[in-house]
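Colleague: Any chance you can model this:
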Amino acid sequence: MKNRTVILIIFMLIIMSSCEDKFTQVRTFDFPEHEANLAVTSLIREGKFPIIYISHSKGIEDNSEFEEIQNATAKFYRDDELRFNFLPFDNGRYVPDIVVSESMDDTIKIGHTYTIEVSSDEYETTTASQRLPLPPNITNMEYTIEGTVNDYGDKLDLLEIEIDDPGAESNFYTIELSAAGLDQNGNDIINGVYYESQDLLVEYGYRYQYIPDLTFNGKKYIIRLGIWPDWKNYFSSIDKLVARVSTVSRDYYLFDISKSLNEEAIDNPFVEPVLVHSNFSKGYGVFGLINSVEEEMDW
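Modeller: Numbering: from 1, shown residues only. Sure, this is the predicted structure:
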């Protein structure tokens, strides 16, 4: 009996030793040399002052600080016509070289192609083009107090937004909520309103939550949002609830979703690396356009 016990112990030690070798094996990878290039980010909302961020890429093993690029040449085209140049402002931000009133008169409109072109002495010229998506068509909006519950059984208010999807192209919807009124001291305030999506189609990006029209292209659809009721506690009186519903261009949607997945993969050895979507040629980053409408609900 003792001999069997000794043999069993030796056998287990051998198995554990072999497993330890497999799980502690070290592998060395040689990463290819990284060719640094421009990295540009810009999400421009229809009718708003356009701003772009210009930086540069780094290799996976490069821990040095980013350096601001102050000598870049950035141009903005509508179709093939140069509309204005961008000038450096601060912290990598570039702004148009025209006054705000002029830029607002030249708002981005449906039916045109817009292009950002960026170049500098150190890096190759990079470009990206976009077309403005159609604006959301909101046909109805209803608010029901304690109209739904979350996954844990907590009672939430329910906001239902009905949209009529045009069907001409794929649309990616986002929603931002805010409320206006008086605070407890009688001052005018505008507060953001937090919600939990009650929609099965929702996809979580880095900046926004998205509802693509994959299942309702060309049809009417009701988006359901569960709202925590304590948002009202910040007000002594509420004037209105405002829903800003937007359609985002496909490239920005892909960028935002992939950036969220990339962040989740950091320091996780069981997840494959996620490449962040880019639509700039010979460079990195994203140029996206967003078209928004606001629907107000008197309180």
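
Colleague: From now on I want contacts and neighbour counts done on CA atoms only, so please keep to that.
Modeller: Fine.

Colleague: thinking residue 253 is in contact with residue 174, fair?
Modeller: No: counting by Cα atoms under 8 Å, residue 253 does not reach residue 174; the two are 9.9 Å apart.

Colleague: Of those two, which one has the most company?
Modeller: Comparing residue 253 with residue 174 by other Cα atoms under 10 Å, the one with more neighbours is residue 253, at 28 against 21.

Colleague: secondary structure class for that one?
Modeller: The local conformation at residue 253, judged by DSSP: H, G, I helix; E, B strand; the rest coil, is helix.

Colleague: go on, residue 230?
Modeller: Recorded secondary structure, residue 230: helix (three-state DSSP).

Colleague: still on that earlier bit, show me whatever sits in contact with both of residue 253 and residue 174.
Modeller: Both residue 253 and residue 174 are contacted by residue 210, under the criterion Cα atoms under 8 Å, 6 or more residues apart in numbering.

Colleague: low-scoring stretches of the stretch 101-250 of the chain, by residue?
Modeller: 101-107 (pLDDT under 70).

Colleague: now the strands: where do they sit in it?
Modeller: Taking DSSP state E, counting those that start in this stretch, the strands of the stretch 101-250 of the chain run over residues 113-119, 126-131, 138-149, 155-164, 172-182, 188-192, 195-197, 203-204, 209-212, 220-227, 237-248.

Colleague: Show residues contacting the last one.
Modeller: It stands for strand 237-248. 133-136, 171-183, 232, 288-299.

Colleague: What are the buried residues along that strand?
Modeller: 237-239, 241-243, 245-248 (16 or more other Cα atoms under 10 Å).

Colleague: Report the angle between it and strand 155-164.
Modeller: 50 degrees (axes from the mean of the first three to the mean of the last three Cα atoms, to 10 degrees).

Colleague: Run me through the strand neighbours of strand 237-248, direction for each.
Modeller: Here strand 237-248 is paired, per DSSP bridges, with strand 172-182 (antiparallel), strand 284-298 (antiparallel).

Colleague: Dump the buried residues of strand 237-248 into a markdown table; add distance to residue 82 as well.
Modeller: Listed next are those as a markdown table, based on distance: Cα to Cα, whole Å:
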| residue | distance to residue 82 |
| --- | --- |
| 237 | 49 |
| 238 | 46 |
| 239 | 43 |
| 241 | 40 |
| 242 | 36 |
| 243 | 35 |
| 245 | 30 |
| 246 | 27 |
| 247 | 26 |
| 248 | 24 |
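
Colleague: Pick the one among these closest to residue 272.
Modeller: residue 248 (27.3 Å; Cα to Cα).

Colleague: can you put the strands of the stretch 101-250 of the chain in CSV and add distance to residue 44?
Modeller: CSV is the format used below for the strands of the stretch 101-250 of the chain (distance: least, Cα to Cα, whole Å):
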stretch, distance to residue 44
strand 113-119, 11
strand 126-131, 10
strand 138-149, 22
strand 155-164, 23
strand 172-182, 15
strand 188-192, 21
strand 195-197, 24
strand 203-204, 20
strand 209-212, 17
strand 220-227, 25
strand 237-248, 10
